[in-house]
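Asker: Test case, fold it:
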Amino acid sequence: MTNDTSRILQFYQEIQVTVAVLFGMFVQFFLGDRRGLKVAFTVVVSSLFVALFIVPAIIEVAGLKPDSKVAIAFYALSAVISIEMLAVILKVLPEAIRIRTKRFLGVEGVENAN
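Answerer: Below is the predicted model of the structure:
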């Protein structure tokens, strides 16, 4: 009985994390200026990367419980964090890779369009 309850609670926590990440992706996609398929794909991939590798490390270092509300909020913010991380990475990449990535995403000249 205890084992079944534990599995149900773990499943519930995983559903919360999944919904939080999906909600973060949805918000990030609709807050952006560009809403193409390539941008949606980039949001999904970068959000999953952050949710799988960055957020669990932050939660562990901070000493938070994985099922706490703060941890779930980190997962929800993972999509927002991921796009900003991509922007920082684009700043430090070599020029050729930066131009090609911007062309792929269809965001060339966006930073100059104020």
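Asker: Give the residue spans of the protein that score low on pLDDT.
Answerer: 1, 31-35, 106-114 (pLDDT under 70).
Asker: what's the longest helix seen in it packed up against?
Answerer: Among the elements of the chain assigned as helix by DSSP state H, the one spanning the most residues is helix 2-31. Other elements packing on helix 2-31 under the criterion 3 or more C-beta pairs under 8 Å, 6 or more residues apart in numbering; DSSP states H and E are helix 37-49, helix 69-92. The C-beta positions use only the backbone N, C-alpha and C, and glycine is treated the same way.
Asker: CA atoms only: put stretch 86-103 into PDB for me.
Answerer: What follows is stretch 86-103, C-alpha atoms only, in PDB (Å, rounded to 0.1, in the frame of the first residue of the first chain):
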ATOM      1  CA  LEU A  86      20.000  31.200 -26.100                       C
ATOM      2  CA  ALA A  87      20.300  35.000 -26.600                       C
ATOM      3  CA  VAL A  88      23.400  35.100 -24.300                       C
ATOM      4  CA  ILE A  89      24.900  32.100 -26.200                       C
ATOM      5  CA  LEU A  90      24.300  33.900 -29.500                       C
ATOM      6  CA  LYS A  91      26.300  36.900 -28.200                       C
ATOM      7  CA  VAL A  92      29.400  34.800 -27.500                       C
ATOM      8  CA  LEU A  93      29.300  32.500 -30.600                       C
ATOM      9  CA  PRO A  94      31.500  33.200 -33.500                       C
ATOM     10  CA  GLU A  95      30.000  35.500 -36.100                       C
ATOM     11  CA  ALA A  96      29.400  32.800 -38.800                       C
ATOM     12  CA  ILE A  97      27.400  30.600 -36.400                       C
ATOM     13  CA  ARG A  98      25.500  33.600 -35.000                       C
ATOM     14  CA  ILE A  99      24.400  34.700 -38.500                       C
ATOM     15  CA  ARG A 100      23.400  31.200 -39.500                       C
ATOM     16  CA  THR A 101      21.400  30.600 -36.300                       C
ATOM     17  CA  LYS A 102      19.600  34.000 -36.600                       C
ATOM     18  CA  ARG A 103      18.800  33.200 -40.300                       C
END
